[in-house]
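Student: Sequence plus the predicted model coming up.
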Amino acid sequence: MDILPKVVTVFGLGAVELWAAIPAGLALGLHPIATGIASALGAITSGLVVALLGDRAKAWLVPRHGVPRDDQGHG
């Protein structure tokens, strides 16, 4: 297997679940440093996406689905 699909897989897993990406990268045979870098970059990228798009997504979702309320009826 070529190295690029392995790195992309670890990057994607890092974006979803950092602690799943590290063992997956090692199981795929990636060098530990490449595994750490790819998984960390995936996690950082997903964090940046949430930080940059979170307010826009909230502004789009709340009018369509309402404000979520807790069990006591507070917003």
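Tutor: The structure has been received and is ready for your questions. The structure displayed is predicted, hence computed values, not measured ones.

Student: From the centroid of the chain, which residue is nearest?
Tutor: Ala15 (2.6 Å; Cα atoms, centre = their mean).

Student: Go ahead and list the helix or strand containing that one.
Tutor: helix 3-16 (DSSP states H and E).

Student: Name the residues that touch that helix?
Tutor: 20-21, 24-25, 28-30, 34-35, 38-43, 45-46 (Cβ atoms under 8 Å, 6 or more residues apart in numbering). All C-beta spots, glycine's among them, are computed from the backbone N, C-alpha and C.

Student: out of those residues, which are inside strands?
Tutor: Using DSSP state E, no member of the contacts of helix 3-16 sits in strands.

Student: what packs against the lowest-mean-pLDDT helix or strand in the chain?
Tutor: Here the helix or strand of the chain ranked lowest by mean pLDDT, DSSP states H and E is helix 32-65, holding a mean of 91. Applying 3 or more Cβ pairs under 8 Å, 6 or more residues apart in numbering; DSSP states H and E, we find helix 32-65 packed against helix 3-16, helix 18-27.

Student: Which of the ones you listed sits closest to Lys58?
Tutor: Lys58 lies closest to helix 3-16 among these, at 20.2 Å (Cβ to Cβ).

Student: ok, and for that closest one, which residues are buried?
Tutor: Of all the residues in helix 3-16, those buried under the rule 16 or more other Cβ atoms under 10 Å are Lys6, Val7, Thr9, Val10, Phe11, Gly12, Leu13, Gly14, Ala15.

Student: Show the buried residues in the contacts of helix 3-16.
Tutor: Using 16+ other Cβ under 10 Å as the burial test, those include Ala21, Ala24, Gly25, Leu30, Thr35, Ala38, Ser39, Ala40, Gly42, Ala43, Ser46 as buried.

Student: show me the contacts for the fifth one.
Tutor: For Thr35, the contacting residues are Val10, Ala21, Ile22, Gly25, Leu26, taking Cβ under 8 Å, 6+ apart as the criterion.

Student: what pLDDT does the second one get?
Tutor: Right, the one you point to is Ala21. Ala21 is assigned 96 on the pLDDT scale.

Student: how near is it to Pro63?
Tutor: 35 Å (Cβ to Cβ, to the nearest Å).

Student: Right, I'll leave it there.
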